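Student: 3D, please:
(chains A, B, C and D)
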Number of protein chains: 4
Amino acid sequence: MRRLRMGMIGGGPGAFIGPVHRIAAEMDREIELVAGAFSSSAEKSRAAGEAYRIDPSRAYADIATMLAEEAKRADPIDFVAITTPNHMHLPAAKAALEAGFAVICDKPATTTLAQAHELAAIVEKAGKPFALTYTYSGYPLVREARARIAAGALGPIRKVVVEYPQGWLSKPDTGKQAEWRGDPARSGVGGCVADIGVHAFHLAEFITGLQVSEILADLGTVVPGRRVDDDCQILLRFANGARGALLASQISVGERNGLTIRIYGEKAGLRWRQEDPNMLWIYHDDGRSELVQAGDPGLGADAVRASRTPGGHPEGYLEAFANLYRDFARQIRGEEGSLVPGIADGLRGMALIEQSVALSKAGAGWTKFTV
Amino acid sequence: MRRLRMGMIGGGPGAFIGPVHRIAAEMDREIELVAGAFSSSAEKSRAAGEAYRIDPSRAYADIATMLAEEAKRADPIDFVAITTPNHMHLPAAKAALEAGFAVICDKPATTTLAQAHELAAIVEKAGKPFALTYTYSGYPLVREARARIAAGALGPIRKVVVEYPQGWLSKPDTGKQAEWRGDPARSGVGGCVADIGVHAFHLAEFITGLQVSEILADLGTVVPGRRVDDDCQILLRFANGARGALLASQISVGERNGLTIRIYGEKAGLRWRQEDPNMLWIYHDDGRSELVQAGDPGLGADAVRASRTPGGHPEGYLEAFANLYRDFARQIRGEEGSLVPGIADGLRGMALIEQSVALSKAGAGWTKFTV
Amino acid sequence: MRRLRMGMIGGGPGAFIGPVHRIAAEMDREIELVAGAFSSSAEKSRAAGEAYRIDPSRAYADIATMLAEEAKRADPIDFVAITTPNHMHLPAAKAALEAGFAVICDKPATTTLAQAHELAAIVEKAGKPFALTYTYSGYPLVREARARIAAGALGPIRKVVVEYPQGWLSKPDTGKQAEWRGDPARSGVGGCVADIGVHAFHLAEFITGLQVSEILADLGTVVPGRRVDDDCQILLRFANGARGALLASQISVGERNGLTIRIYGEKAGLRWRQEDPNMLWIYHDDGRSELVQAGDPGLGADAVRASRTPGGHPEGYLEAFANLYRDFARQIRGEEGSLVPGIADGLRGMALIEQSVALSKAGAGWTKFTV
Amino acid sequence: MRRLRMGMIGGGPGAFIGPVHRIAAEMDREIELVAGAFSSSAEKSRAAGEAYRIDPSRAYADIATMLAEEAKRADPIDFVAITTPNHMHLPAAKAALEAGFAVICDKPATTTLAQAHELAAIVEKAGKPFALTYTYSGYPLVREARARIAAGALGPIRKVVVEYPQGWLSKPDTGKQAEWRGDPARSGVGGCVADIGVHAFHLAEFITGLQVSEILADLGTVVPGRRVDDDCQILLRFANGARGALLASQISVGERNGLTIRIYGEKAGLRWRQEDPNMLWIYHDDGRSELVQAGDPGLGADAVRASRTPGGHPEGYLEAFANLYRDFARQIRGEEGSLVPGIADGLRGMALIEQSVALSKAGAGWTKFTV
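Tutor: Have a look, this model is predicted:
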């Protein structure tokens, strides 16, 4: 069975997430990077192609050229990976899907909910796999948590607290990464909520299997001069009546990437923290605290399949990301068992961004969450 | 200098907090328990007196008798410690203060804000020390955190997250402790918010030195049949514009007494957790994470004075509680340096309870916090 | 039932352990400090008496006077607590026991094994309770660990690793505490091994219920000019064939009081750490890791009896110490259930000190451990 | 610059470490797996080739064929990766080196010290890069620790405690991984000491920059019927006089892969733990405890170069392993900056295995450590 061939959009010099996509895609030898339109500058795209060590003739100057040239080859790319700032997601995905390629795209789906609906229609019409890299859903113990809740281990869920504190934007924006995220033209109306809030939101829905039905949003801009939110407090109500809170912040000095979720049911609770991803705490209502670790014998199939090493050999962010690519490869090959998020998750994320920005500005109370 | 003499109200058979008050009061040999009206049952009060090993003639059948009899003695009590359910706080404190005794009282101050104002007037008129045992403000590293913030170590405060998850009320109320807390006649209108929410609220104001100026409250009752709230989500705005969230819950299965506070300023952040009370994390904006421990050479005077052992010899809840009593003894003796909370803190706590219950029921948005 | 009356020997101005004994003794109101020969200086003893707030007439200038005067009183002391440097333990205990008083004494028992045997004979002849404050055996979860092993939860024990790193003597001795510990005339031949190695040794035997049968000792003096050992590595063999290692150090910069024990049996393992005393880890051989916490519903009687607060309200060093005093009070009152160490433990500790110093100097291999 | 081409020896169906080598080698796109003699069974080698998705014609039935066929190609392999059980290391490395290929080999170097010396001579004669995968030296913070010590941050080193507890062999050997490790014909004379003891030993020397000069070994076989050691306690003396202990065990129930090192100098101490590899604790002698994390701004060049993601995005075992391959690629390309271990480290590891087994059997005392 041959490796799938990937063409990357974005990921040029100075990029953070492009190289991450490349490592993740190739980790399991199911995929290889063979082409790219890495930058809107032809020169930078060529330089990136060299750095990735791909065939120089396949480092293209723009997306349209890549799609056209690859389509002519005997060994064309099988799919496109979009790793650009948000405003390019829709045009890049549209072009690729309409040219007949599957697409895997960084989150959030687009820059507006309307765009996301447009994209959803394109995906449906194209009939090709479309995946969104909500990375944290790729961790083995996140999948274990999801499986245990689905099996009833916690009983009915009553309360969810999901937090995502970061501190890297506690000062005015500088640097490539901060700069485009603070520009509504490229990131959309959301700042913190779009960059990390949607991760927290997706994680809560992914693990609990519940959908948020109402929100009450309090977004703020703490750093003077910033044009988007950098601190979000969103109260949640889930479809089954469960209560919740989502706290995301990029001005929490000293925090790195502290995504943490706690879920409490009638019978048990659990806690998972991205910076210690190989540990999952289960709290039983008889007082027992159980630490489940990656590689443990009692893990379910989803977690086992998402691990590459035995217990005690820490896996991390890149491996979680690689699990999304492995799932995406399954989809392309028509195999069962993919858990990678898709356009439906993208729509919900965009709805969160738009609604929470709007509701917070309006000082609105509890409002039905709609996509 | 003789030991101060304490008379206890409440703390009879089966009580949790009465014996804690006794240990705390006596830990530093500045105070001794000599009398008590431990129960409204004369027999139970006598039994408690025996268990506490006090002079049987000073285990009184009721408060009035204790106050009257002690007033006649050559060696009367110096103060009264009130350790009853909430509804007894006002009558007990009133009687003691009007009889000329200083009072230390468990939190919250009373069962209604109106009662608290009544009590404040009585305290003012009596001119005697009145203290409230917001226990967690007695921990050495809580005081260190407060001192560092006051000295500007974090810069202007931007964000406060204070959480107080517990799980012991995740099932319908049973047992003496749960039962009175779930009865509005004895606990007041608040459940979780009155039992632990006020602790979290006090801690946030105590450490930051900032006052909450607006709140948005979402209180819920999760366990069927319960008459008061058991899960609270309160968004905060502080007087300097800082944003915040207070999450308290008593249905978070598996949580014990997880009071935790994180405070982020312009220059640095900090974290403290009651279940690891001898650690204080300071996060500097240059990326350094510093772990400050009880007993460290760099600690300030407030923390040093609040520790009894060298570093590495864990102190805990009882020692923190004892620090409040030691401060209270200072007040009685007219000495400087007390940090024990007083009636002003009691008023703010009662305002939190009443406003958050009312605002949550009304579905109100952001509302000015007033006492 | 009246409180027992305690007379303290040692614990004068500047003392660390004297005030700890006082707090521990009085915590449960079973004992009160009423007298003392706190210092060999009459003036300092009087000053200490004032600081402890005892009757000035009972702050004695020397041990003999205290014993004689107390014996004449209607309300004499019930026992003596010895909190002096090691070289005073034997004469003080001898005088007290021969005067008919029970004795509780800081560890190690004496300064030589021969002295310890002499003391054992005196204890036996006196027929009075004699206890040694191996503090760490007073922690609730240490007692829980012991009970679980006794009940077979770990299966036959195979391996024990006990460590006690400290860093406070990483520089040449200064200060009262360091100074006498570095003086063989007052501390005995052992430095680190006598100060903390014996704690680790006792803990290992106490929890496992096994006796060490052979040792191989490697003691070193790291800080130039020091006259006793400050770093100990002792390999252990237990009577049942279990293997073990004891590492104690006072030059481990940055360590505070890091006593830690790990025990592995055929069926399960456990870990306990003094600086997190309210946690006990149990590792099951099916891969489950269980965190047992103080206050948990599944705890056994010994742990329950040794706790004063519910789970999540941290107890620490002073409470552990108080548990020894409570046990000692039980002995004096002739009640069941004491776990406080006695002279037999003292003999084993002194044998450890003497043998390990001698064997290490001789470069000896594995040697039978004898008392 | 083209990718280097790798041929693997070993790593057939059921292998643990072969796939790890493959992922590690390819992570940075500097290397690709193109050929292999994955098993001594031609059929299994072919199956493995398919699983790795390499050109079927390059999945060879034996080592000799691979080396001969590859040598004839225009695009031959650049190096061989040896991932077999220990007894195959020497013959495989010999064949590859003598055929002109560079070699990277799993640890330990061989099965006997004599073989290791033979291999060292072959390496020297061949003049090709030879690397050994002491994986843990590839972690960013291990390299940071090494750099800080080299720069004097700890002052002269006084004490090293390195531990490597595992529990997976607490029962009689079953399964492919356990089985060959327990067979002296394939693993050599050492069991636990050869499998993990050498990792701990290498880590201690790598980080401190000091060589062990004397050892005292106590190896044991705990599980009945096992033919090699499964629990090791080795006392260490370093060339500068520093004291140390190495504790490795495979019968420590519940431990996964708990390699931990603590190093104490005159001025500061440090701690690193493989299961939390992105944290490095530095303990300063003024009492400050500093937590250094992967991605922190203050890290040195070696750590920065060894990280692929920003702080808070955990990297783990596979990334550490990949760092060794990246260093090895540097060697092959003639670039500066490699930290990957080589044959000299292999000799020291084999000396540790042989000497500790022999000394322990003989009951010897302190013995000079010689290679």
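Student: Mind jotting down where the helices sit in chain A?
Tutor: Here chain A has its helices, by DSSP state H, at A:17-26, A:42-51, A:63-72, A:89-98, A:113-126, A:140-150, A:176-181, A:184-187, A:192, A:198-208, A:301-305, A:317-333, A:343-362.
Student: now the ones you listed in CSV, with mean neighbour count and distance to chain C?
Tutor: Bear in mind the C-beta positions are built from the backbone N, C-alpha and C, glycine included. Listed next are the helices of chain A as CSV, based on neighbours: other Cβ atoms under 10 Å in any protein chain shown; distance: least, Cβ to the nearest Cβ, whole Å:
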stretch, mean neighbour count, distance to chain C
helix A:17-26, 24, 28
helix A:42-51, 18, 42
helix A:63-72, 17, 47
helix A:89-98, 22, 42
helix A:113-126, 18, 42
helix A:140-150, 23, 13
helix A:176-181, 17, 35
helix A:184-187, 16, 41
helix A:192, 26, 32
helix A:198-208, 25, 21
helix A:301-305, 17, 13
helix A:317-333, 24, 20
helix A:343-362, 22, 33
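Student: who wins for proximity to chain D among the ones you listed?
Tutor: Counting by Cβ to the nearest Cβ, chain D lies closest to helix A:317-333 out of those; the figure is 4.0 Å.
Student: Dump the helices of chain A into JSON lines; add mean pLDDT as well.
Tutor: Shown next, in JSON lines, are these (pLDDT from 0 to 100):
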{"stretch": "helix A:17-26", "mean pLDDT": "96"}
{"stretch": "helix A:42-51", "mean pLDDT": "96"}
{"stretch": "helix A:63-72", "mean pLDDT": "98"}
{"stretch": "helix A:89-98", "mean pLDDT": "98"}
{"stretch": "helix A:113-126", "mean pLDDT": "98"}
{"stretch": "helix A:140-150", "mean pLDDT": "98"}
{"stretch": "helix A:176-181", "mean pLDDT": "85"}
{"stretch": "helix A:184-187", "mean pLDDT": "92"}
{"stretch": "helix A:192", "mean pLDDT": "98"}
{"stretch": "helix A:198-208", "mean pLDDT": "98"}
{"stretch": "helix A:301-305", "mean pLDDT": "97"}
{"stretch": "helix A:317-333", "mean pLDDT": "98"}
{"stretch": "helix A:343-362", "mean pLDDT": "98"}
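Student: Quick one: closest of those helices to chain B.
Tutor: Comparing the helices of chain A by Cβ to the nearest Cβ, helix A:343-362 comes nearest, at 9.7 Å.
Student: Please save the CA atoms from that closest one in PDB.
Tutor: Taking Å, rounded to 0.1, in the frame of the first residue of the first chain, the C-alpha atoms of helix A:343-362 are listed here in PDB:
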ATOM      1  CA  ILE A 343     -16.400  20.600   8.700                       C
ATOM      2  CA  ALA A 344     -19.200  20.100  11.200                       C
ATOM      3  CA  ASP A 345     -16.800  20.800  14.000                       C
ATOM      4  CA  GLY A 346     -15.500  23.700  11.900                       C
ATOM      5  CA  LEU A 347     -19.000  25.200  11.800                       C
ATOM      6  CA  ARG A 348     -19.400  25.000  15.500                       C
ATOM      7  CA  GLY A 349     -16.100  26.600  16.200                       C
ATOM      8  CA  MET A 350     -16.900  29.500  13.900                       C
ATOM      9  CA  ALA A 351     -20.300  29.900  15.500                       C
ATOM     10  CA  LEU A 352     -18.600  30.100  18.900                       C
ATOM     11  CA  ILE A 353     -16.200  32.800  17.700                       C
ATOM     12  CA  GLU A 354     -18.900  35.000  16.100                       C
ATOM     13  CA  GLN A 355     -21.500  34.500  18.800                       C
ATOM     14  CA  SER A 356     -19.200  35.100  21.700                       C
ATOM     15  CA  VAL A 357     -17.700  38.200  20.200                       C
ATOM     16  CA  ALA A 358     -21.100  39.600  19.400                       C
ATOM     17  CA  LEU A 359     -22.800  38.600  22.600                       C
ATOM     18  CA  SER A 360     -20.000  40.000  24.700                       C
ATOM     19  CA  LYS A 361     -20.100  43.300  22.900                       C
ATOM     20  CA  ALA A 362     -23.800  43.500  23.400                       C
END
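Student: Counting by contacts, list what it packs against.
Tutor: Using 3 or more Cβ pairs under 8 Å, 6 or more residues apart in numbering or on different chains; DSSP states H and E, the elements in contact with helix A:343-362 are helix A:113-126, strand A:130-132, helix A:198-208, strand A:212-220, strand A:231-238.
Student: relative orientation of that helix and helix A:113-126 in degrees?
Tutor: Here the directions of helix A:343-362 and helix A:113-126 differ by 170 degrees (axes from the mean of the first three to the mean of the last three Cα atoms, to 10 degrees).
Student: Run the chain-centre distance for helix A:343-362.
Tutor: The chain centroid and the centroid of helix A:343-362 are separated by 15 Å, computed with Cα atoms, centre = their mean, to the nearest Å.
Student: Distance-wise, check A:Lys344 relative to D:Phe321.
Tutor: One thing to correct before we go on: residue A:344 is Ala, not Lys. A:Ala344 sits 37 Å away from D:Phe321, going by Cβ to Cβ, to the nearest Å.
Student: still on that earlier bit, pipe the helices and strands packed on helix A:343-362 into JSON lines and attach distance to D:His284 per row.
Tutor: Shown next, in JSON lines, are the helices and strands packed on helix A:343-362 (distance: least, Cβ to Cβ, whole Å):
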{"stretch": "helix A:113-126", "distance to D:His284": "51"}
{"stretch": "strand A:130-132", "distance to D:His284": "45"}
{"stretch": "helix A:198-208", "distance to D:His284": "36"}
{"stretch": "strand A:212-220", "distance to D:His284": "37"}
{"stretch": "strand A:231-238", "distance to D:His284": "33"}
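Student: Turn those into CSV, including distance to chain B.
Tutor: CSV is the format used below for the helices and strands packed on helix A:343-362 (distance: least, Cβ to the nearest Cβ, whole Å):
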stretch, distance to chain B
helix A:113-126, 24
strand A:130-132, 28
helix A:198-208, 14
strand A:212-220, 5
strand A:231-238, 5
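Student: To D:Ile234, which of the helices of chain A lies closest?
Tutor: Smallest distance to D:Ile234 across the helices of chain A (Cβ to Cβ): 33.7 Å, for helix A:317-333.
Student: how far off helix D:317-333 does that closest one point, in degrees?
Tutor: Per the same axes, to 10 degrees, the angle that helix A:317-333 makes with helix D:317-333 is 90 degrees.
Student: which helices and strands does helix A:317-333 pack with?
Tutor: Secondary-structure packing of helix A:317-333 (3+ Cβ pairs under 8 Å, 6+ apart): strand A:4-9, helix A:17-26, strand A:102-105, strand A:130-132, helix A:140-150, helix D:317-333.
Student: so which of the helices of chain A comes closest to A:Arg271?
Tutor: Between the helices of chain A, helix A:140-150 lies closest to A:Arg271; by Cβ to Cβ that is 9.2 Å.
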